[in-house]
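A.B. asks: my questions concern the predicted model and sequence given below.
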Amino acid sequence: MILPSFAFEVEPLGASPLFNVGPLTITNTMLTGVLVAIVLISILVRAARKSQLNPKAKLSFYVESVVELVLGLIVELFGDREKAMRYFPLLLSLFLFILACNLTGILPGIESITYFHNGTHTSLLRAWTTDLNATAALAVLTMAVVEVHAIREIGFKGYFQHYFTHQPWKPMNLFVGLLDVFGEFMRLVTLALRLFGVIYGGEALLFAIAAVTGNFGWAGMLPIFFLEIFFCFVQAYLFMMLSASYLVMSTSMHEQEAEHSGAVAQLSKASS
Amino acid sequence: MEHVDPALIKGLTIGLGAIGPAIGMGLIGASVVGAVGRNPEIQGKILSTAFIMIGLVDAVLAFVLLILFTTK
């Protein structure tokens, strides 16, 4: 006989509203996101103030090591230090903010402190990335930056020709172009859903393991906690690297085409 | 259709949904071990690419977990 489906408390899929500021409803994920942002900004500003050639402050030394590490990855991906430095601030802040928001999900007290309002208990704080609105906002921001910079680098005509080539009236080119445009929207959706799915799924997994192991929850949840920490790092890294590679791909289309036409010109010269 | 126990459906969801990511992770692991064996000097680069790929694959498993835990 199959056991009756074991009932356990899982946090609701959407964020719970806490209070209203004018027409804007503040949810618990928004509150945590703002708190994490304040903490992160204050740490980074402190580190930047004490930054010098031979850092003596421990904090700025550690922050600079992290920045150096991320800069190495980005420069390696772009293959050009000057171009990498142009996008580096966005990518670094994406990485640090997503990482911090992911890791808040496993801090003590984040889900368990509740707020009593209108006869119901809602958790006061909840990790920012366990809200699909938040990750969708990040994905929209990233893809908007990618598209705007693509248009700025290669011009509107080049941008159009990247999708529809220079003969858009041919049905095959039109079809492939439409598929590419659809692919851009799929990038947006997958960026948002991947981050949300992994972090929310991980937290739900923690709840489920706690419910299944009962009194031995501390033993059962320990390996899952390490798995969660690993996933937090991997997802932050992945979001940053994917945004960087989208930037590389969309801003270097022009150069590739130029190289290609150059190669074609050389070939035609050689053949003639 | 007769009433189906939701626990059965949940078990099938995680069981069938884990097949794909498991195969994908196995392929990534095999390729990484092979690549590191051939070029041990660029182990760091290979591993960082492998982590990206693992992240892409386990997102599929995360979707399965999401469906599993959010359906009643």
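C.D. replies: Sure, I can see it.
A.B. asks: and the helices in the stretch 101-250 of chain A?
C.D. replies: A:132-164, A:171-213, A:217-251 (DSSP state H, counting those that start in this stretch).
A.B. asks: got it, and chain B?
C.D. replies: Along chain B, counting by DSSP state H, helices occupy B:6-17, B:19-38, B:43-70.
A.B. asks: I'd like those as JSON lines, with distance to residue A:248 and mean neighbour count appended.
C.D. replies: (C-beta placed from N, C-alpha, C; glycine too.) Below are those laid out as JSON lines (distance: least, CB to CB, whole Å; neighbours: other CB atoms under 10 Å in any protein chain shown):
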{"stretch": "helix B:6-17", "distance to residue A:248": "32", "mean neighbour count": "13"}
{"stretch": "helix B:19-38", "distance to residue A:248": "22", "mean neighbour count": "13"}
{"stretch": "helix B:43-70", "distance to residue A:248": "14", "mean neighbour count": "17"}
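A.B. asks: what's the closest non-adjacent residue to the residue nearest the centre of chain B?
C.D. replies: Residue closest to the mean C-alpha point of chain B, counted by CA atoms, centre = their mean, is residue B:21 at 2.7 Å. In space, and not counting its chain neighbours, residue B:21 is closest to residue B:61: 4.2 Å by CB to CB, 6 or more residues apart in numbering or on different chains.
A.B. asks: swap in residue A:196?
C.D. replies: Once flanking residues are discounted, residue A:196 sits nearest to residue A:135: 4.3 Å by CB to CB, 6+ apart.
A.B. asks: one more: residue A:195?
C.D. replies: Nearest in space to residue A:195, with sequence neighbours left out and distances taken as CB to CB, 6+ apart, is residue A:135 at 4.5 Å.
A.B. asks: how deep is that neighbour tucked in, by neighbour count?
C.D. replies: By other CB atoms under 10 Å in any protein chain shown, the residues close to residue A:135 number 26.
A.B. asks: how close does it sit to chain B?
C.D. replies: Taking CB to the nearest CB, to the nearest Å as the measure, residue A:135 falls 12 Å from chain B.
A.B. asks: and what of residue A:248?
C.D. replies: 14 Å.
A.B. asks: now swap in residue A:188 and tell me
C.D. replies: 15 Å.
A.B. asks: spell out which parts of chain B neighbour chain A.
C.D. replies: Residues of chain B found near chain A (CB under 8 Å from any CB of the partner chain) are B:5-8, B:10, B:48, B:51-52, B:54-56, B:58-59, B:61-66, B:69-70.
A.B. asks: who's in contact with the residue nearest to residue B:21?
C.D. replies: If a contact means CB atoms under 8 Å, 6 or more residues apart in numbering or on different chains, then residue B:61 has A:201, B:17-18, B:21 as its contacts.
A.B. asks: could you find the lowest-pLDDT member of those?
C.D. replies: Ranked by pLDDT, these bottom out at residue A:201, which has 84.
A.B. asks: verify the stated contact: that one with residue B:70.
C.D. replies: No - counting by CB atoms under 8 Å, residue A:201 does not reach residue B:70; the two are 9.2 Å apart.
A.B. asks: picking that back up, out of the contacts of residue B:61, the closest to residue A:70 would be?
C.D. replies: Residue A:70 lies nearest to residue A:201 out of these, by CB to CB, at 25.9 Å.
A.B. asks: around the closest one, how many other residues sit close by?
C.D. replies: When counting by other CB under 10 Å, one arrives at 24 neighbours for residue A:201.
A.B. asks: got any ranges where the stretch 151-272 of chain A has weak pLDDT?
C.D. replies: Low-confidence segments of the stretch 151-272 of chain A (pLDDT under 70): A:253-272.
A.B. asks: for chain B, what are the nearby residues on it?
C.D. replies: Looking at chain B, the residues of the stretch 151-272 of chain A close enough under CB under 8 Å from any CB are A:190, A:193-194, A:197-198, A:200-202, A:204-205, A:207-208, A:231, A:234-235, A:237-238, A:241-242.
A.B. asks: repeat that with 7 Å
C.D. replies: A:194, A:197-198, A:200-201, A:204-205, A:208, A:234-235, A:237-238, A:241 (CB under 7 Å from any CB of the partner chain).
A.B. asks: ok, residue B:40 to residue A:16 distance?
C.D. replies: Residue B:40 sits 51 Å away from residue A:16, going by CB to CB, to the nearest Å.
A.B. asks: name the nearest residue to residue A:15, ignoring sequence neighbours.
C.D. replies: Per CB to CB, 6+ apart, closest to residue A:15 is residue A:27, 3.8 Å.
A.B. asks: if we can go back for a sec, tell me which of residue B:40 and residue A:16 has more neighbours.
C.D. replies: Taking neighbours as other CB under 10 Å, residue B:40 and residue A:16 compare with residue A:16 leading, 18 against 9.
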